[in-house]
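# Generate a structure from the sequence data that follows.
(chains A and B, ligands or ions: 2)
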Amino acid sequence: MDMAVEIQYLNKSYGKMPVLKDLSFSIRKGEIFGLLGPNGAGKTTTLNIIEGLKPPDSGTVNVLGMDIIADARKVKSRIGVQLQATSLMPDLTVVEQVMLFGWLYDIPTNRKQAMSLLDRFNLTAKANDLPDNLSGGQKQRLALAIALVNDPEILFLDEPTTGLDPQSRRNLWDVVRELRDEGRTIVLTTHYMEEAETLAHRVGIIDAGQLLALDTPGELIAQLDAVASITISDAFRQTDLKNLPAVEHVRVEGGMTTLFTDDVQTTNNALMHLAQQMQIVLRDLRIQQPTLEDVFIQLTGRSLREA
Amino acid sequence: MMTQTISAFSIRPMLAFVVAQLTGQLRNWRTSATTLFAPLMLLFVFTVVGEDGEGAALVPFVVGFTVMFSGQTMAQILITWRNNRIFTRLSATPTPTSHLIVGTVITQLLLFLVQALLVMLASLVLHDLSFDVLDLMAIMGVILVGTTPFLSYGALVAAFVNKTETAGIVYTFTLIPMVFLGGSLFTIPGLGEFGRYLPTNLLTDLIRPYFGFGEPDAIPFSVVLLLAYSVVITGLATIFFKTDR
Ligand SMILES: Nc1ncnc2c1ncn2[C@@H]1O[C@H](COP(=O)(O)OP(=O)(O)O)[C@@H](O)[C@H]1O
Ligand SMILES: [Mg+2]
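Ligands and ions are numbered 1, 2, ... in the order given. Alright, predicted model coming up:
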């Protein structure tokens, strides 16, 4: 399989503090790769090294078959970058920023070309505004538009949805999926586990500069010992519930019954069937699947939020 | 969109960066006007309070003063960009950072040329001085040579200072003593030859003859020395200035 990015034994320290410790992983061409970890885990540092913005202390980074140190300019011309903090020229309008960045890739970019890029991100109405007059979501979209001026093969997005409202976040997810459907490789960092889970094909979990796990969200969760649970409010006979397929145990607590199962689908189907037989109307049915959050807890002993 | 070829050296990105900065400056005309009018004010005040002829003697100093403070603006621009991670973002493009810095220097040089021209035009009106075209071109050349070490010095200050306010203070409080030591304004007895070779003094010495004070005999020497200052200070700034921290 062709790799978009290969990093090997990456180490980086700030002063005496090690930030990345022997980090190694590969990103496949055409996938959406998520780097998931709490604040301070080293996500931004990793991305910046891959993008050629910072040198590693040791280790190698290969992007599209090229060494990032030896071929920095060639690599930079083929990747698109969105930084964690949107860094825009304060006195240039939205359309002027896009034009400037086009030229910085040595691509003659006129106003019309810049406008068509802005159109794609619903920024046409804001084309003549200064960055100060943009909302958070609009700034993110502009940063994304700028990251696309050179039609990059790989797109690096550092916490693209942090600080966005749920609606803007979903819109951005759609855009990211679209960009990957155009054949681009997408590398994004996030500390939102649901973002990694729904958006990424493969997720690398990083904590304290170390890669703890890397797989598809499904596989990461499947490798957990954790089981799913189904909670219902109606009183069945306990023995009936215990005898449902795949149920490991049943807990009754405060009027709610929780079934722990290692196969939600099977247990749930059987539960529906049982309810129909007994003519019980199920209310307040709630299914809880293990999430990447549980994976993180198992790997680190802490939750992603409190880390 | 088109596919790009990365040539080993293209100055188009640098020129685009100059154009972008000038565009931003024009948009920010209030700030630009404030910078522009400070020396004009100075000139005007000197003229009003000075006796006959005294005001005119200060014109070269005001021009020099304008040039000297170009570095403060440079320091503040660099610090703002660094703090706002603009440099980091720009360096994610294939354009080398050195081209961006040179682009910034070119922009500042252009702006200061305009400023110096305005000061000189004002002094023409106020003091009845006269220049011919050759003089004017020579003065432009002198200002270009004279501005570079100060712009570099601004970059050097920016290398060690995190805040624009602090940079302004550091810049001013290192420059003012130099101005006095150099005797650009008046000669301090007993200092001997030392002050003559400070960039501030070299600059005013260079400018003065064009305003009818003194002979332009030491020009080659001053130019060479100023260029030497430029090389040394630019070298130091390149070593110490980091585009992000
Ligand atoms: N320029 C820097 N100087 C010193 N420490 C830094 C610098 N940048 C990041 N760090 C430290 O490195 C660690 C990892 O930071 P970062 O890569 O930004 O993490 P993340 O993006 O996962 O939140 C943090 O502890 C942070 O404080
Ligand atoms: Mg980060």
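# Using CSV, list the CA coordinates for the helix or strand bottoming out on mean pLDDT in chain B.
Lowest by mean pLDDT, DSSP states H and E among the helices and strands of chain B is helix B:29-49, with a mean of 73. The C-alpha coordinates for helix B:29-49 follow below in CSV (Å, rounded to 0.1, in the frame of the first residue of the first chain):
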residue,chain,number,x,y,z
TRP,B,29,-4.1,54.7,6.0
ARG,B,30,-4.7,56.2,9.4
THR,B,31,-1.7,54.4,10.9
SER,B,32,0.4,55.2,7.9
ALA,B,33,-0.6,58.8,8.0
THR,B,34,0.5,59.0,11.7
THR,B,35,3.9,57.6,10.8
LEU,B,36,4.2,59.9,7.9
PHE,B,37,3.2,63.0,9.7
ALA,B,38,5.4,62.6,12.7
PRO,B,39,8.5,63.9,10.9
LEU,B,40,6.5,66.6,9.2
MET,B,41,5.3,67.8,12.5
LEU,B,42,8.9,67.8,13.8
LEU,B,43,10.0,69.8,10.8
PHE,B,44,7.2,72.3,11.3
VAL,B,45,7.9,72.7,15.0
PHE,B,46,11.6,73.3,14.4
THR,B,47,10.8,75.8,11.8
VAL,B,48,8.4,77.7,14.0
VAL,B,49,10.6,77.9,17.1
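# starting at the chain centroid, how far to that helix?
Put simply, helix B:29-49 sits 16 Å off its chain's centre (Cα atoms, centre = their mean, to the nearest Å).
# For it, give me every contacting residue.
Residues outside helix B:29-49 that contact it (Cβ atoms under 8 Å, 6 or more residues apart in numbering or on different chains): B:25-26, B:54-55, B:58-59, B:62-63, B:65-66, B:73, B:111, B:114-115, B:118-119, B:122-123, B:126-127. C-betas here are computed from N, CA, C, even on glycine.
# Name the SS class of the closest residue in space to residue A:270 that isn't next to it in sequence, please.
Leaving aside its sequence neighbours, residue A:270 sits nearest to residue A:244 (Cβ to Cβ, 6 or more residues apart in numbering or on different chains; 4.6 Å). Here residue A:244 is coil, with the state taken from DSSP: H, G, I helix; E, B strand; the rest coil.
# thought residue A:244 was touching residue A:269?
No - judged on Cβ atoms under 8 Å, residue A:244 makes no contact with residue A:269 at a distance of 9.4 Å.
# Counting neighbours around each, name which of the two comes out higher.
residue A:244 (20 against 14; other Cβ atoms under 10 Å in any protein chain shown).
# Buried ones from the contacts of helix B:29-49, can you make that a ChimeraX selection?
A single ChimeraX command is used to select the members of the contacts of helix B:29-49 judged buried by 16 or more other Cβ atoms under 10 Å in any protein chain shown:
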select /B:25,55,58,59,62,63,65,66,73,111,115,118,119,122,123,126,127
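# Write out the residues of chain A neighbouring ligand 1.
Chain A has residues A:14, A:19, A:37, A:39, A:40, A:41, A:42, A:43, A:44, A:45 near ligand 1, with proximity defined as Cβ under 6 Å from any ligand atom.
# Spit out the contact partners of the third one.
If I follow you right, that is residue A:37. Residues near residue A:37 by Cβ under 8 Å, 6+ apart: A:43, A:189, A:191, A:205, A:206, A:207.
# all helices in chain B, in order from the N-terminus.
Remark: helices assigned in chain B by DSSP state H are B:12-27, B:29-49, B:54-68, B:70-83, B:86-90, B:97-127, B:133-160, B:164-182, B:199-207, B:219-240.
# Buried deepest among these, which one?
helix B:199-207 (a mean of 25; mean count of other Cβ atoms under 10 Å in any protein chain shown).
# What residues does residue A:216 make contact with?
Shown in contact with residue A:216 (Cβ under 8 Å, 6+ apart): A:201, A:202, A:203.
# how about 10 Å then?
Contacts for residue A:216 (Cβ atoms under 10 Å, 6 or more residues apart in numbering or on different chains) come out as A:31, A:197, A:200, A:201, A:202, A:203, A:222.
# so how many other residues sit close to the closest residue to ligand 2 within chain A?
Closest to ligand 2 within chain A is residue A:44: 3.2 Å, counting by Cβ to the ion. Neighbour count of residue A:44, defined by other Cβ under 10 Å: 20.
# which strands and helices sit next to the helix or strand that it is a member of?
Using DSSP states H and E, residue A:44 falls within helix A:43-50. Here helix A:43-50 touches strand A:3-14, strand A:17-28, strand A:32-36, strand A:58-63, strand A:79-82, strand A:154-158, strand A:185-190, strand A:202-207, going by 3 or more Cβ pairs under 10 Å, 6 or more residues apart in numbering or on different chains; DSSP states H and E.
# Hey, what's the angle from the helix or strand just after the shortest one to helix B:12-27? Just curious.
Pointing back at strand A:79-82 there. Next in sequence after strand A:79-82, counting helices and strands by DSSP H and E, comes helix A:94-104. Helix A:94-104 and helix B:12-27 are oriented at 160 degrees to each other (axes from the mean of the first three to the mean of the last three Cα atoms, to 10 degrees).
# So residue A:283 lies in a strand, does it not?
No - assessed with three-state DSSP, residue A:283 is coil; it does not lie in a strand.
# Excluding residues flanking it in the chain, which one is nearest it?
Nearest non-adjacent residue to residue A:283, counting by Cβ to Cβ, 6+ apart: residue A:233, 5.4 Å away.
# can you pull the contacts of that neighbour?
Contact analysis of residue A:233 by Cβ under 10 Å, 6+ apart lists A:254, A:255, A:256, A:257, A:282, A:283, A:284, A:285, A:286.
# are any of those buried, and which?
When the contacts of residue A:233 are checked for burial by 16+ other Cβ under 10 Å, the buried set is residue A:257.
# quick one on the thing from earlier: save the contacts of residue A:216 as TSV, and put in pLDDT too.
Formatted as TSV, these follow (pLDDT from 0 to 100):
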residue	pLDDT
A:31	97
A:197	92
A:200	97
A:201	97
A:202	97
A:203	97
A:222	83
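# Now a ChimeraX select for only the buried ones of the residues you listed.
Only the buried members of the contacts of residue A:216 enter the following ChimeraX selection, criterion being 16+ other Cβ under 10 Å:
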select /A:31,197,200,202,203
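# And the furthest pair within the contacts of residue A:216?
A:31 and A:222 (18.8 Å; Cβ to Cβ).
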